[in-house]
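Participant: Everything below, folded, please.
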Amino acid sequence: MMRTIDVNEAIDNNPFGRFQWSVVALCALLLIVDGYDVFVAGTVLPTLIAEWGLTKPQAGALQAWALFGMMFGALAFGSLADRIGRKKGIAISFVLFTASTLLTGFASSPDQFKIFRFIAGLGCGGLMPNAVALMNEYAPKRLRSTIVALMFSGYSVGGMVAAGLGIGMIPQYGWKPMFFIAALPLLMLPLVLWKLPESLGFLIRQGQQEKARRIYAKIDPSTRLGNDDMLVFTETKGASASVAELFRHQRTLRTLMLWVAFFCCLLLVYLLSSWLPKVLQEAGYAERASLVSLFSLNFGGMVGAIAGGWLGDRFGLPKVVVGFFVAAALSIALIGFNLPAGLLFLTIFIAGATTIGTQILLYASVAQLYNLSVRSTGLGWASGVGRIGAIVGPTLGGVLLAQQLPLQQNFLIFAIPAAVSALAMLVFTISNARRVDAVLLAAA
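Facilitator: I've put the predicted structure just below:
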């Protein structure tokens, strides 16, 4: 007798098992490499300024090339993966950014550096939305925010690795070996191709029932599937993977508010990660201490992501995100107040928790807003809009710092995007609550 099994329902009702933990581990490993690639640029920026005689606006523009690539990569690979599958999208992105990061170490001029960083950015931008979409699909609803945030904390670990290696390597060996190290993660590619599963929803939508059954058997080994049994994914039918779909079903205001929050949040993440070491060096801190600030920022990002995911599963992600952005505005403003070293690094830790960590919570918020058929598109476009903010961040930082404003005034200006994000997510939270109430009222 043929059975119809709802995969979504089964994932929600079954324990989170070894197979799903392996997906978390693989995606986290990929994001560690991704995070290293993104944050390594901030560790080498002071050295590049000295070696190539760059002005601060030129240095900010140099950083922006990778972020241009990330914007286009997020837009292109998010939509592409809805058509070719998450696994292929992730693998292509991974090879693209690791190979290009390796080649960056051979750059002998700012122009060569820009080209390699742009290509690396294409891959980095493509990996993030697809990894989030894949993990969101394999996580049960009750744990989704926590699991996605745990997986995405690998991004902050990558930043910590970049800062840690920079502390030990840059003073002795210069900046180039920081990029040569990117060759090592390419050894992971066979493991990714062998162990990373394809999206179940994608396989079902493509009619590949046999492949879907093999994966489902790993999620729920107690259920014996016959050749006649049919797997379904409740969200697979309906909407096409188009941008217009993101604004349907009364999602226009919520989509726009998420885009505002993404723009401002990524502006802050890349502003701080690009310029914090250089600003602290100019404020009188030694090179080693300035790189410790980048480690503190990313350690805060990891803790903030995991804590925020845990809180989000209990109190609702939008409320937690609003609170985090308020804390971000306060902590960033305080960095410029000539704090004692211990208090300064604590403040930077909080700023990292509430910017890098909140970026991860925003990805989880987008994944929960859209259904499967447009989830990668939604994540890709939100990430792409965020990348515009990421491009603005280092460039704005270079222009502002070239004005030689007082340190306190600079960081008060830097805190403004966090306040705007808090307001945008407050509007999103209210709109979301009204939509849920309307659905409940209609059902009653």
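
Participant: What residues sit buried inside the helix ranked longest in the chain?
Facilitator: Counting residues, the longest helix in the chain under DSSP state H turns out to be helix 18-52. For helix 18-52, burial by neighbour count (16 or more other Cβ atoms under 10 Å) applies to 19-20, 23-24, 26-49. All C-beta atoms are positioned from the backbone trio N, CA, C, and that covers glycine.

Participant: ok, now stretch 201-216?
Facilitator: For stretch 201-216, by 16+ other Cβ under 10 Å, it's G201, F202, L203, I204, R205, Q206, Q208, Q209, A212, R213, I215, Y216.

Participant: and if you look at stretch 323-339?
Facilitator: Neighbour-count burial for stretch 323-339 [16+ other Cβ under 10 Å]: 323-336.

Participant: what's the farthest-apart pair in those?
Facilitator: The largest separation in the buried residues of stretch 323-339, counting by Cβ to Cβ, is between G323 and G336 at 22.5 Å.

Participant: hmm, back to that, can you tell me which of the buried residues of stretch 201-216 is nearest V95?
Facilitator: F202 (20.1 Å).

Participant: quick one: contacts for the closest residue to the closest one other than its chain neighbours?
Facilitator: Among residues not flanking F202 along the chain, G85 sits closest, at 5.0 Å (Cβ to Cβ, 6 or more residues apart in numbering). Residues in contact with G85 (Cβ atoms under 8 Å, 6 or more residues apart in numbering) are E198, S199, F202, L203.

Participant: wait, which of those is closest to S145?
Facilitator: Looking across those and measuring by Cβ to Cβ, the closest to S145 is S199, at 19.3 Å.

Participant: For the nearest residue in space to the closest one that is not next to it in sequence, give its distance to E282.
Facilitator: In this structure, S199 finds its nearest non-sequential neighbour in R86, 4.4 Å apart by Cβ to Cβ, 6+ apart. Distance of R86 to E282, given as Cβ to Cβ, to the nearest Å: 43 Å.

Participant: now P171
Facilitator: For P171 relative to E282 (Cβ to Cβ), the value is 18 Å.

Participant: and if you look at F202?
Facilitator: F202 is 49 Å from E282, where distance means Cβ to Cβ.

Participant: Next, count neighbours for A261.
Facilitator: 33 (other Cβ atoms under 10 Å).

Participant: what helix or strand is it on?
Facilitator: helix 252-282 (DSSP states H and E).

Participant: Beyond that helix, next helix or strand please.
Facilitator: Helix 252-282 is succeeded, C-terminally, by helix 287-315 (DSSP H and E).

Participant: Give me the helices and strands touching that next one, please.
Facilitator: Secondary-structure packing of helix 287-315 (3 or more Cβ pairs under 8 Å, 6 or more residues apart in numbering; DSSP states H and E): helix 18-52, helix 144-173, helix 252-282, helix 317-335, helix 341-369.
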